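> Have a look at this prediction, sequence included:
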Amino acid sequence: MLTHFIGGQPVASGKVFPVHDPATGAMVRQAHEADPEVVDRAVRAAREAARDWAALPVGERAGWMRRLAEGIEARFDDLVAAEIADTGKPLDQTRTLDIPRGIANFRAFAEIAAQRPDDAFHLSGTLSYTVRRPLGVVAVIVPWNLPFLLMTWKLAPALVSGNTVVVKPSEHTPGSASVFAEICAEAGLPPGVVNIILGYGASGQLLVEHPGVDAVTFTGSTKTGTTIMRTVADRVKPISFELGGKNAGLVFDDCDVDRAVEGTVKSVFTNGGQVCLCTERMYVQRSIFEDFCARLAVRAQEIQLQPMISAEHREKVLSYYALARSEGAKVLTGGSVPVFGDHRDSGYFVEPTVVTGLSEWSRFNREEIFGPVCHVAPFDSEAEAIDLANGSQYGLAATLWTTNLDRAHRVAQRLEAGLVWVNTWYLRDLRTPFGGVKLSGIGREGGTRSLDFYSEPTTITIKLEQPDA
Ligand SMILES: NC(=O)C1=CN([C@@H]2O[C@H](COP(=O)(O)OP(=O)(O)OC[C@H]3O[C@@H](n4cnc5c(N)ncnc54)[C@H](O)[C@@H]3O)[C@@H](O)[C@H]2O)C=CC1
Ligand SMILES: O=C(O)/C=C/C=C(\O)C(=O)O
């Protein structure tokens, strides 16, 4: 039974909820659900720890980040097991991406914070300099698709900046967060610096509306992002949001087609398509359209399947497969539920799916599906390709495939997206700004952008006495 982690201690509450293995549908564990009393207790614990934690020199907090990274390394296998039990991710991906990124997040932000120079300006007899103060208590609300990666992506910069935190992982994936609570305790992190509460969206709602919470960082659906925005509006709490995507991939006929097909397989199907950066709208130059579609459909049939996170999410993805048909799509591959003939038949799998033939105005091409699926459409000119890519209410990521360097720069700079990858997908440098435009989010995290969000600057200006001439 998983408990909350508050003030350095495991804490139980009245109600519990089940967590299922998406690969089999079986219940793997139960977890306590945070009620108003638990949420209040967690926020109070964070507030009590805030002053001493903020008072530590940044170098000491960076040292704590390195110790947490070592703690993750020591519990690597436990974290891998917890993440797979909750999500059904492939072992290889979990060992090479999800958990290593947790380690990298703590190490990267330890260095970025410790090495960041302070601002100072000298102007006609004045000296101005800036000191940065933490925000206080930060609510960290994260989703189920990359649970450990995304939690630590926010925790590391929040903590190294001097904030204390209350984290609420997704109700579908409390496992790795609970192992992380043990890591914090084993490392001897001061009680109350990291608090973790478990529960559904209602527990998250209680957390963000708590008057003791100073700021909210959230990754998840645009719908929940707008709810949180409304909730915190009265208190003008700072927010940082990474929300949904309906990302475009552009394939020009001067590309390396093998590379473009393989890259597209990754960008559409990684993590079962359950990454906000995944591509759902492919646009391919007409001269190579038929060949590209045929090759993508073949490769889609060969990939290792990953289940959808829940029965409900599978229904949502399948409803879009049905919608594609009703809107008149041609299904090139997939469109249904795979049959394994074993225990996976009670899991939450869907077939990787590639469709064509829909208009840009179809719901299928406008709404985030968040599954292993894409629509492929032809284009004739560079200008048309850019218009198609930009014709979305989302603007998180875009991918383009071309060997023409001028075109790569020209097109990349005209795409309305926070991130553009050229001849690759999901290549991350943790120092770069990360986030989206339009319905895809507010603000940027990554590198010093994260430190800017998790702290407030105070500018101090001193009038210097001029020496007598
Ligand atoms: N772009 C992204 O990164 C993600 C997008 N999604 C999309 O969202 C759809 C719904 O999935 P959900 O798991 O329901 O995502 P969600 O955005 O509702 O959940 C993310 C987190 O927010 C919490 N939450 C929910 N309501 C809240 C509230 N009012 N106040 C505070 N916290 C709250 C949840 O418990 C979870 O920890 C998916 O089908 C998918 O399309 C889901 C996860 C990540
Ligand atoms: O930071 C990363 O590398 C990945 C981020 C992915 C998301 O924010 C998401 O899928 O929601």
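Cool, got the structure. Ligands and ions are numbered 1, 2, ... in the order given.

> and residue 165, what helix or strand is that in?
Using DSSP states H and E, residue 165 falls within strand 164-168.

> which other residues reach that strand?
For strand 164-168, the external contacting residues (Cβ atoms under 8 Å, 6 or more residues apart in numbering) are 34, 39, 42-43, 46-47, 49-50, 53, 136-142, 151, 155, 158-159, 177, 192-199, 203-204, 207, 213. In this view, the C-beta of every residue, glycine as well, is placed from N, C-alpha and C.

> Out of these, which are close to ligand 1?
Applying Cβ under 6 Å from any ligand atom, the subset of the contacts of strand 164-168 adjacent to ligand 1 comprises 141, 142, 204.

> Go through the host helix or strand of the last one and flag the buried ones.
This points to residue 204. Element membership for residue 204 (DSSP H and E) is helix 201-209. In terms of neighbour count (16 or more other Cβ atoms under 10 Å), helix 201-209 has its buried residues at 203, 204, 205, 206, 207, 208, 209.

> Just the closest of the residues you listed to ligand 2, please.
When these are compared for distance to ligand 2 (Cβ to the nearest ligand atom), residue 204 wins out at 15.4 Å.

> my guess is that closest one contacts residue 142, does it?
No: using Cβ atoms under 8 Å as the test, residue 204 is too far from residue 142 to be in contact (9.6 Å).

> Nearest spatial neighbour of the residue in the stretch 201-350 of the chain that ligand 2 sits nearest to, chain-adjacent residues omitted?
Proximity of the stretch 201-350 of the chain to ligand 2 (Cβ to the nearest ligand atom) peaks at residue 276, 3.5 Å away. In space, residue 276 comes closest to residue 245 once its chain neighbours are excluded; the distance is 4.7 Å by Cβ to Cβ, 6 or more residues apart in numbering.

> again with residue 414
Using Cβ to Cβ, 6+ apart, the nearest residue to residue 414 is residue 386, at 5.1 Å.

> doesn't the one you found fall inside a helix?
Yes: under DSSP: H, G, I helix; E, B strand; the rest coil, residue 386 falls within a helix.

> and residue 385, what does it touch?
250, 252, 283, 285, 379, 411.

> Which of the helices or strands spans residue 217?
Secondary structure assigned from DSSP H and E places residue 217 in strand 215-219.

> And ligand 2, is whichever helix or strand comes after that strand touching that?
Moving toward the C-terminus from strand 215-219, the next helix or strand (DSSP H and E) is helix 222-233. No: judged by Cβ under 6 Å from any ligand atom, helix 222-233 and ligand 2 are separated, with a smallest distance of 11.2 Å.

> any idea of the angle helix 222-233 forms with helix 201-209?
Helix 222-233 and helix 201-209 meet at an angle of 40 degrees, taking axes from the mean of the first three to the mean of the last three Cα atoms, to 10 degrees as the criterion.

> can you give me the mean pLDDT across helix 222-233?
Averaging the model's pLDDT scores along helix 222-233 yields 98.

> coming back round to it: averaged pLDDT, the strand holding residue 217. What do you get?
Rounded mean pLDDT across strand 215-219 is 98.

> Would you mark the buried spots in that strand?
Neighbour counts over strand 215-219 (16+ other Cβ under 10 Å) mark 215, 216, 217, 218, 219 as buried.

> which of those are close to ligand 1?
Contacts with ligand 1 within these, counted by Cβ under 6 Å from any ligand atom: residue 219.

> which of the buried residues of strand 215-219 lies closest to residue 115?
Residue 115 lies nearest to residue 217 out of the buried residues of strand 215-219, by Cβ to Cβ, at 22.6 Å.

> thought the closest one was touching residue 135?
No: between residue 217 and residue 135 there is no contact, the gap being 9.9 Å when judged by Cβ under 8 Å.

> mind listing what the least confident helix or strand in the chain by mean pLDDT pairs with, with the direction of each?
Counting by mean pLDDT, DSSP states H and E, the weakest-scoring helix or strand in the chain turns out to be strand 120-123, with a mean of 94. Strand 120-123 pairs in its sheet with strand 126-134 (antiparallel), by DSSP bridges.

> The helix or strand harbouring residue 408 - what's its average pLDDT?
Here residue 408 sits within helix 405-414, counting by DSSP H and E. Per-residue pLDDT over helix 405-414 has a mean of 98.

> and that helix, what other elements does it pack with?
The contact analysis (3 or more Cβ pairs under 8 Å, 6 or more residues apart in numbering; DSSP states H and E) places helix 405-414 against helix 382-390, strand 397-401, strand 419-422.

> let's go with 10 Å and repeat that
When contacts are defined as 3 or more Cβ pairs under 10 Å, 6 or more residues apart in numbering; DSSP states H and E, helix 405-414 packs onto strand 247-251, helix 382-390, strand 397-401, strand 419-422.

> For that helix, C-alpha coordinates in CSV please.
This file holds the C-alpha atoms of helix 405-414, laid out as CSV (Å, rounded to 0.1, in the frame of the first residue of the first chain):
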residue,chain,number,x,y,z
LEU,A,405,20.4,23.5,-45.2
ASP,A,406,18.9,26.8,-46.4
ARG,A,407,15.4,25.2,-46.4
ALA,A,408,16.0,23.8,-42.9
HIS,A,409,16.7,27.2,-41.4
ARG,A,410,14.1,29.0,-43.5
VAL,A,411,11.3,26.6,-42.6
ALA,A,412,12.3,26.0,-38.9
GLN,A,413,12.2,29.8,-38.3
ARG,A,414,8.7,30.1,-39.7
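
> and the contacts of residue 385 near ligand 1, which?
Restricting those to those touching ligand 1 (Cβ under 6 Å from any ligand atom) yields no residues.

> ranking the residues you listed by neighbours, who comes first?
Counting neighbours by other Cβ atoms under 10 Å, the top entry in these is residue 250, with 29 neighbours.

> How about the contacts made by it?
260, 279, 281-285, 379, 382, 385-386, 388-389, 398-402, 407, 411-412, 415, 420, 422 (Cβ atoms under 10 Å, 6 or more residues apart in numbering).

> Pull out the buried members of those residues.
Neighbour counting by 16+ other Cβ under 10 Å classes 260, 279, 281-285, 379, 382, 385-386, 388-389, 398-402, 407, 411-412, 415, 420, 422 among the contacts of residue 250 as buried.

> nearest to residue 5, of the ones next to ligand 1 among the contacts of strand 164-168?
For those, the residue nearest residue 5 by Cβ to Cβ is residue 142; the value is 14.9 Å.

> count of residues packed around the closest residue to ligand 1 within the stretch 1-150 of the chain?
Closest approach between the stretch 1-150 of the chain and ligand 1, counting by Cβ to the nearest ligand atom: residue 143, at 3.5 Å. If you count neighbours by other Cβ under 10 Å, residue 143 ends up with 22.
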